[in-house]
Structures are given as C-alpha cells and as structure tokens.
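*Asks:* Let me see the structure of the following:
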Amino acid sequence: MTKLVIVESPTKAKTIRNFLPKEYHVQASMGHVRDLPASASEIPARYKGEPWARLGVNVEKDFEPLYVIPASKKKVVSELKKLLEEADELILATDEDREGESIGWHLTEVLKPKIPVTRMVFHEITREAIQKALTDTRKIDDNLVRAQETRRILDRLVGYTLSPLLWKKIAPKLSAGRVQSVAVRLLVLRERERRAFHTGTYWDLKALLNKRPDKPAHRFEAQLVSVGERRVASGRDFDENTGQIAEGKDVLLLDQAEANKLRERLLKGQWMVSSVDERTATRSPAPPFTTSTLQQEANRKLGWGAQQTMRTAQHLYENGYITYMRTDSVNLSEEAINAARGRVTELYGEEYVNKTPRRYQTKAKGAQEAHEAIRPAGNQMLPADSLPISGAEKALYDLIWKRTVATQMAEARLKFTTVQISVDDALFRASGRTILFPGFFRAYVEGNDDPDSALDDQDTTLPELKVDEIVDVRDLEAIGHETKPPARYTEASLVKALESEGVGRPSTYATIIDTIQERGYCFKQRKELVPTFVAFAVTQLLENHFENLVDLHFTAEMEQTLDDIAEGDTGWLEYLRQFYLGQKGLDTQVKEKEAQIDPRTASQVGFSDLAAEIRIGQFGPFLARGEDGDRVTVGLPDSLAPADLDAETVEKLLSQKEEGPEVLGEDPETGKPIYRKIGPYGPYVQLGDEGEGKAKKPKRVSLLKGMQLEDADLEMALKLLSLPRPLGLHPESGKEVRAGVGRFGPFVVHDGTFVSIKAPDHVLEIGLDRALELLASKPEKGASAKKVLKDLGEHPDGGVVQVLDGRYGPYVNHKRTNVSLPENVDPQAVTMAEAVQMLSQKKTTKKGGKRKS
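*Replies:* Now for the predicted structure:
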C-alpha cells in the first residue's frame, strides 16, 4: 500500500517527490476541486428552481453554500479517487494559508476517504522542511476553513447582489466586489483631487558656487531660501484648490520679472558663508519581504505588475528556491538569520555583519498563516548566480536574496552637511550628504536595482567650508516652477494604500488589480492606474446609496472580523446574518433602494465645471449637449483620463461631431484630404474619406506617444501617414528594411525580424545604417536566454565552440551538442582542449545508448 500526498500543482508535486520515500505517491489537485457555481449551466437541475440558486448560497438555510465540481475538475477528482483506493493514508500537503486549508478540506469532502487523513504543513520545500513536516502532522483547522468559506460567501453575496443593480441602473456587464469596489474608489478619489487641482506658479534662484581656488571638486549648488528674512514660496505653500498661496502663509512669492531683477542685484553682491551645520545619522535595513512589500518593490525595481510578481514567486516556491510567498510576517527563523550572517561575512567581511542578530516583529494584527517572511529557502542563503535559474525567476530571487541578506548587515552611517550662504539680504542653502560607512547599502538599496550606482548617487559632497569664508558665484539662474497635481496610483502605491488601510489581504491584491483593469474600471498609462468614466459612475452610485461598502474603515473592520473568525473568536453564521439579512443588511438595502435609484441620474457622471453631460451608455461613456433644440452626442476616447477632460476638449469633440473632422490639407501624391481626428483610442490622422476608392476604410495612423492633437499639422501628418516607411535594402539579403509603428510601439523590420526603436532613436528620423545596427544586435531566435560567457574559437571538426549561460547554469556548446560544466569549474577558465574533450565524451555516451538508471 502507498501513502497518497495531495498538493495543488504539478510543479510542487515534482519537487516534493524528490524528498519523500518511494511508498509516498504525490499527486496534484490542480487547485480547488470544487467551488460555488460560476454560471447558471453549473447549477444542478434539482436546484435551478430555487430562488437562491443564482447566488449559489441558501441564505435561508444558515447560508449553506452550493458546491459543484466544475467540468474541468471531474477527471482530476476521478483520478484522485482511484489513487485513494490503493492508499492506506491520505496526507494533505496543500499550502499553509487559509486558501490551502480550504483546498484540503474540500478534498476530504469530495473524496470521502475511509483511511486516516492528516494535514502536513511547511513554509519551504526543502528536504529538511519536508522531513520535519512528515513527523509533525495535524488535523484540518476548522476555524481557518470557516474563515475562508465566510470570505468566499461574503464575496459572492456582495458581487451577485450589487452587480445586477448596476446592470439595471448604469450599463450591462458591470460588477461590484467587496474589495474590488474599494480599490476602484481609491483611484476615483485621487482622480477627483487631480480634477479639482489648480496649478500655481512660482520662481526662485539656483546658484552655482565655488570655493576658492576654483577647482571642479570645489563647485557646488545652492538654492534661494529667503529674501529680507521672508521665506521664498515653494510648492508646499500653495492651496491645491485655488492655485494661490494658502491662507495664513507668510511667504515671498516671486514672479519671473521679480526673480530676474533679484538675480541682477545679487550677482553684484559678496557671497559669504554664514553657517555650517554637520550631523551624522544611521540608516537601518528594511524588514524582509512580505507579500505586499515584495509586490511594491518588484514594481519599483523590475517594473512588474503584482500578478507577474506573484506568478514568478509561485514558481520559485514550488521549485524549492524561496519560502512561501503569501505571508504578512516579517519574522526570520534562526536558521535563516545564521545563514544570512554567514553569507555576509563571506561576501563583504566581518565589519559588515551587524553586531547582534537583527529580528523583526510583525506589527499588523492577524498577520496570517505563514510563520516567516519571504526569503531564500534552506540554510545556505545561496546567491542567484549559484542556482540553475534565469530570466524573471533569477531577477526576483536576486531581489529576495539581497533584501534578506541586508537584514543582517550593519547600519549605514552618513554625514549630512547644511551650509547657508548670505548675499545682501538674501540667504541661500546648500546641502551635502556623505556615506561614512555603507553597511547594508552594499547589498541592497530600496527602489534601486544597482547598489553600487546607488551609493554613488547618494554621495553629494560639499567642499570644506568655514563661516565667513567668501565664495565665488559662477552662475545664477532664475527658475520657474509649476505645482503638480497629486500623483495617480501605480500598482505599487495602490498595494501599499490597501494594506495600510487594512483592506483585503495582500495575497489577493494581484487578482484585484487585474480584475479592475479587465472589467474596464481603470487602464494603465505608463505605470499609472487611471480610473475610467465608468469607474466614476459606479463609485458615485455606491457612495450615494451603499456608503459602507466602499468605506475604508468599514471594509477594514470586515477584514478584522474574518481574522477573528479564523481565530475562533467570532461566530461566522451570526456575522453573515447581520451583514446580509439584518435590518440594515445588504439584501434589505438593495430591495429598498432599487426603486429609489433613477437610471438617468445613476448613469451620469457629475462634472459640474463642464458645459455638457457625461453619461455611460450601452457602448461606453459619451458626451451629450442640447443645442438649438437638437441633442448632440459623441463618444469619449477610451484613453482619455477623467482629470484631463476640460472645457477645451469637450468643445473639440462636440464640434468635430457637428462640423466634421478638421481638414489639415491635401496629400500631394493622391490629392485626398488629410484629417485630424479623435477616436475611441485617442487622436489620429486619416488619409481620405470613408468608403473612398476600393478600400472601405481609409488609412489611419495614431499619433506617436507623447504627441498632442495640436502637434499634428500637415507636415507631421504626412510623415505619420508615410509609415511604415522604406529605409533601403539590406546589404546581405537585398530585401527592404522599413520603420513603422505597431501594437508594441515603433520598430524596424527586415524579412520578418522586428526590433523595437527606443529613445534617443525616433521612428520618423532613423536611417538605414542605424536600423542595420539594431537588427544586427537582436539575438537569434531562442538565444535570448543564452548569454555567451566565453568564445573558445573554431572546433577541429568545424563550427564555433562557446561557453554559454543557460537556464540550468553554464555549459559548453558546439553545434547541437551541449555539456554542462561542473559546479566547481570556472566558465572563464575552460580551455579549447578541455571543451573538445568534454564534447567528445558526451558524443561517445550518446552513441553508447541510454545510461542505466
């Protein structure tokens, strides 16, 4: 007989299989084997007539959920049942969080085992961790299961009760969600702030000074801070709602003329050091990664979305390289602390190791499930270059490794210098910063992917200066500034905001951010998450009629209650009854308010500063305005941010609809008119009219990134319409090389090979020579993961021999033969003779047939 071990994924199963005796059979469940019905087709026939069947939850029968096995999981369940018949013990080795506990519980409910069942938990997949977990099994934790089930039921009740209301009152196919709607509201609140923002303008002076005698090392910059003992206005002094200096601020606001006049006066004065202040400070390393901080830092350093980060982390965990990646804990085990300290000593020296082990405590209440922060698995703390990983996995592992190792490194010591320089009645300030001892900066600097360059950037040294010392002014520049509106959320800052407000769980943020983009509530503009007009309408309705559901405090309290259920401190059934069926419950509120909500009001976005209505229709948002008894409507571009919709844009869109598109001129070759238009995907230029000639659709080209509609004059339009433009013939193939713009931006193409054009190159200016350079620099197909470590030269039998860096480490390559290098061999030390010998042995082994196991 065998022992059946069930995990979620094939990758995890494959890794664990290596650490278990032969009598253990490891099988994957492919995630949850059952769930609430996803559609009407999944509801069993005997329940279809029930009034609660659409919800999938019988609210009248103590919120009993209706679980079904999806068609895609029936084969998996069948295979697990067969394997169970041959087993004498069932071991549930699903993930250690609530979701994993829930998967394990559902498996027992579906499989109905008649043999002993145990729960095996671990936070890393290493031989030691698996062996320890086998000797320390437990039963399924019913409180964790109940907490997860309550969360699932809550999400279903909110989504399936509110979404139909949105369909009736605003537009079809809209959705609401317990955490999703709060995340959307945060984006909308920030966009409202941007709409209300008024720009303020101010001027100041920047001086380039030097200590005598004049040397490059003696030069430094200083900023004007006061004139006549009045502080000069800066951005923080303005009222965002008026663009004027905030009430109660006694500051000097300079305009351009005043700044230039002051500049002329000060250039004639004597510049003298009036004070020198020095202070030292220390910086401590950030705690090791939690789910939330990993997502934030991967977004900042690697430019990844939360979903990509979690997907890559999942692969690393399941292959045994990092600990479990869904955790709120910043705790490190003694094993990890000792491993990190040892690695710091080896790589950086003893002076870089913190005097005592540094331990972190999780501050958030209910920091759940996983007992450790995200760190490299095992007790070796191996650097990324020592592991057979590459690409995205290597980049993320390296980030985790550096952050973990840095926690056990000494503090960085810095010296800050502030120098004040007076000239006439004006005061300038210069600031310097010197790193006295880099400490953990050697390994890790937040927000920067290159610690060495970050150390250089952080050093802004001032020359040695003394009070009453005269300095020379080399340049004095008057600089104008405009205040900036509040920054939109990025994925990183939205994750941070949700976590700090206690909304949702970090393990769900990646899914939430993906969902609100897929459902049209926001779109990405560079890294910013921009809410749509639909998001405004939905948020407006929820704020006006279901305020609690989008209130940050209420949602955080709901999350805390779910934590209390997990701890066994709160009853799940009482909570569900109160939330849904109580006097102020969701079901009661929806029934009461459905008749009160006017669809005409709900589908209108209230921008009172515009002389037109913004409405949400069946086909998306549109502008509407009545003129001379007629109603004019025009669709709003999908790429238009609500904060950027001003009176000028409204007039352009409406006039284009009424008067037709703006004609820029005629194409000199065809005589066809060239139009400048705004469409659903933004501004573009068009050659000819609709249906002209054989082609039903005229040629259209979107404006390039960063261009405004006004930038597209006739000359620019002709250039854009010339794309893709021929650059010349390739000297080797004789085929044409062209430059154009596609779905992923500007490119050059030759014989089916595309290469992106990036700044400072420009698609309208690039020539054939530069295009050939770009094409030559593109790696051959399939070679992107093969970095050449060393070129050895020509093989005696012909063909190049190289040492390459592949997915599983360095190896020797000749034509189609590859030989992995042993771990103790330096790739740079391999000679041609050694390579030929290794290749020859490999070929002999191949001829000899399969190796015996």
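
*Asks:* what about Lys61, distance to Glu149?
*Replies:* Relative to Glu149, Lys61 is positioned 15 Å away (C-beta to C-beta, to the nearest Å). All C-beta spots, glycine's among them, are computed from the backbone N, C-alpha and C.

*Asks:* Specify which residue of the two has the higher count of neighbours.
*Replies:* Neighbours per residue, other C-beta atoms under 10 Å: of Lys61 and Glu149, the larger number sits with Glu149, 19 against 8.

*Asks:* where's that one, which helix or strand?
*Replies:* Using DSSP states H and E, Glu149 sits in helix 142-169.

*Asks:* Just list what that helix packs against, helices and strands only.
*Replies:* For helix 142-169, the packing partners by 3 or more C-beta pairs under 8 Å, 6 or more residues apart in numbering; DSSP states H and E come out as strand 57-58, strand 64-65, helix 98-111, helix 533-545, helix 552-567, helix 572-576, helix 586-593, helix 599-602.

*Asks:* Adjacent strands (with direction) for the first one?
*Replies:* Read it as strand 57-58. strand 64-65 (antiparallel) (DSSP bridges).

*Asks:* Just the mean pLDDT for the partner strand, thanks.
*Replies:* Per-residue pLDDT over strand 64-65 has a mean of 96.

*Asks:* neighbouring contacts of it?
*Replies:* Identification of contacts with strand 64-65 by C-beta atoms under 8 Å, 6 or more residues apart in numbering yields 36, 56-58, 149, 152-153.

*Asks:* Give me the buried subset of those.
*Replies:* Buried residues within the contacts of strand 64-65, counting neighbours by 16 or more other C-beta atoms under 10 Å: 36, 56-58, 149, 152-153.

*Asks:* mind putting those residues in a markdown table, pLDDT included?
*Replies:* Output for these, formatted as a markdown table (pLDDT from 0 to 100):
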| residue | pLDDT |
| --- | --- |
| Leu36 | 95 |
| Gly56 | 94 |
| Val57 | 96 |
| Asn58 | 96 |
| Glu149 | 95 |
| Arg152 | 94 |
| Ile153 | 95 |
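
*Asks:* Closest one of those residues to Glu258?
*Replies:* Arg152 (63.8 Å; C-beta to C-beta).

*Asks:* quick one: that closest one from Phe63, how far?
*Replies:* Taking C-beta to C-beta as the measure, Arg152 falls 11 Å from Phe63.

*Asks:* cool, Met310 as well?
*Replies:* To Phe63, Met310 is 30 Å away according to C-beta to C-beta.

*Asks:* which residue is nearest the centroid of the chain?
*Replies:* Residue closest to the average C-alpha location in the chain (C-alpha atoms, centre = their mean): Gly305, at 2.7 Å.

*Asks:* For that one, give me phi and psi.
*Replies:* Note on Gly305: its backbone torsions stand at phi -80, psi 160 [degrees, to the nearest 10].

*Asks:* Identify the residues contacting it.
*Replies:* Contacts of Gly305 (C-beta under 8 Å, 6+ apart): 299, 491, 510, 513-514.

*Asks:* Output stretch 174-182 in PDB with nothing but the alpha carbons.
*Replies:* Extracted C-alpha coordinates of stretch 174-182, given in PDB (Å, rounded to 0.1, in the frame of the first residue of the first chain):
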ATOM      1  CA  LEU A 174     -20.700  45.900 -14.800                       C
ATOM      2  CA  SER A 175     -19.600  44.300 -11.500                       C
ATOM      3  CA  ALA A 176     -19.100  45.200  -7.800                       C
ATOM      4  CA  GLY A 177     -16.900  43.500  -5.300                       C
ATOM      5  CA  ARG A 178     -16.200  43.600  -1.600                       C
ATOM      6  CA  VAL A 179     -12.500  44.700  -2.100                       C
ATOM      7  CA  GLN A 180     -12.600  45.500  -5.800                       C
ATOM      8  CA  SER A 181     -15.000  48.400  -5.300                       C
ATOM      9  CA  VAL A 182     -12.900  49.900  -2.500                       C
END
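
*Asks:* would CSV of the contacts of strand 64-65 with distance to Ala257 be doable?
*Replies:* Putting the contacts of strand 64-65 into CSV (distance: C-beta to C-beta, whole Å) gives the following:
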residue, distance to Ala257
Leu36, 69
Gly56, 70
Val57, 70
Asn58, 75
Glu149, 70
Arg152, 65
Ile153, 67
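
*Asks:* and of these, the nearest to Phe220?
*Replies:* Of these, the one sitting nearest to Phe220 (C-beta to C-beta) turns out to be Arg152, at 60.7 Å.

*Asks:* Return the residues in contact with the closest one.
*Replies:* Arg152 makes contact with 35-36, 65, 102, according to C-beta under 8 Å, 6+ apart.

*Asks:* try it again with 7 Å
*Replies:* Arg152 is in contact with Leu36, counting by C-beta atoms under 7 Å, 6 or more residues apart in numbering.
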